[in-house]
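**Q** Predicted model and sequence follow; I will ask about them next.
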Amino acid sequence: MGGDLVDKSCVPCRGGIPPLSEAQAQVLLQQIPEWSLGDGGRRLSRRFDFPDFRRAMEFVCRVGELAEAEGHHPDVHFGWGWAEIVWYTHKIGGLHDNDFIMAAKTGRLS
Ligand SMILES: C[C@H](O)[C@H](O)[C@H]1CNC2=NC(N)=NC(=O)C2=N1
């Protein structure tokens with residue numbers, strides 16, 4: 001996938017294709033090095049820190065609005081001063097280019 005991830009948009013993924021291999025995911029990860037692969041290359045996650053609960057909550061709301069706009073949705077965990085965003089594509093049980101696009105866009109919202 002060439003070009004900047006943040007300039008791309010999600011393409012509809014209706015399943016029926018294999019997820020990215022861990023090796024393919026490692027290559028894409030070089031474009032968003034703040035993120036980590038988990039679950040054998042099937043999840044993309046990052047923890048964000050904030051000075052208080054409200055700032056974390058407002059970040060989560062911005063991520064939620066981005067998700068609705070792009071039609072691709074993360075798992076979100078958050079508490080006082082922190083939020084963890086986890087991207088994967090449910091329909092294929094692993095990672096798709098969409099998850100890397102969304103991770104790059106998420107990073108610009110913090
Ligand atoms: C039709 C629409 O693309 C799907 O229902 C979407 C919605 N958001 C989604 N988000 C994520 N993370 N994975 C999916 O498979 C998914 N499916």
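**A** Arrived safely.
**Q** Name the nearest residue to residue 101, sequence neighbours excluded.
**A** Excluding its sequence neighbours, the residue lying closest to residue 101 (Cβ to Cβ, 6 or more residues apart in numbering) is residue 8, at 4.7 Å. Yep, even glycine has a C-beta here, placed from its N, CA and C like the rest.
**Q** distance of that neighbour from the ligand?
**A** Residue 8 sits 16 Å away from the ligand, taking Cβ to the nearest ligand atom, to the nearest Å as the criterion.
**Q** Quick one: residues contacting that residue.
**A** Under the criterion of Cβ atoms under 8 Å, 6 or more residues apart in numbering, the contact partners of residue 8 comprise 1, 97, 101.
**Q** which of those residues are buried?
**A** The neighbour-count test (16 or more other Cβ atoms under 10 Å) marks 97, 101 as buried among those.
**Q** circling back to that earlier point, so for the residue nearest to residue 101, what's the pLDDT?
**A** Among the per-residue scores, residue 8 shows a pLDDT of 96.
**Q** what's the single longest helix in the chain?
**A** Using DSSP state H to assign secondary structure, the helix with the most residues in the chain is helix 53-70.
**Q** do it and the ligand meet at all?
**A** No - figure legend: helix 53-70 not in contact with the ligand (Cβ under 6 Å from any ligand atom); closest approach 7.4 Å.
**Q** Which elements pack onto that helix?
**A** Judged by 3 or more Cβ pairs under 8 Å, 6 or more residues apart in numbering; DSSP states H and E, helix 53-70 is in contact with strand 75-79, strand 82-87, helix 97-107.
**Q** Can you list phi and psi of the residue nearest to residue 101 for me?
**A** phi -100, psi 160 (degrees, to the nearest 10).
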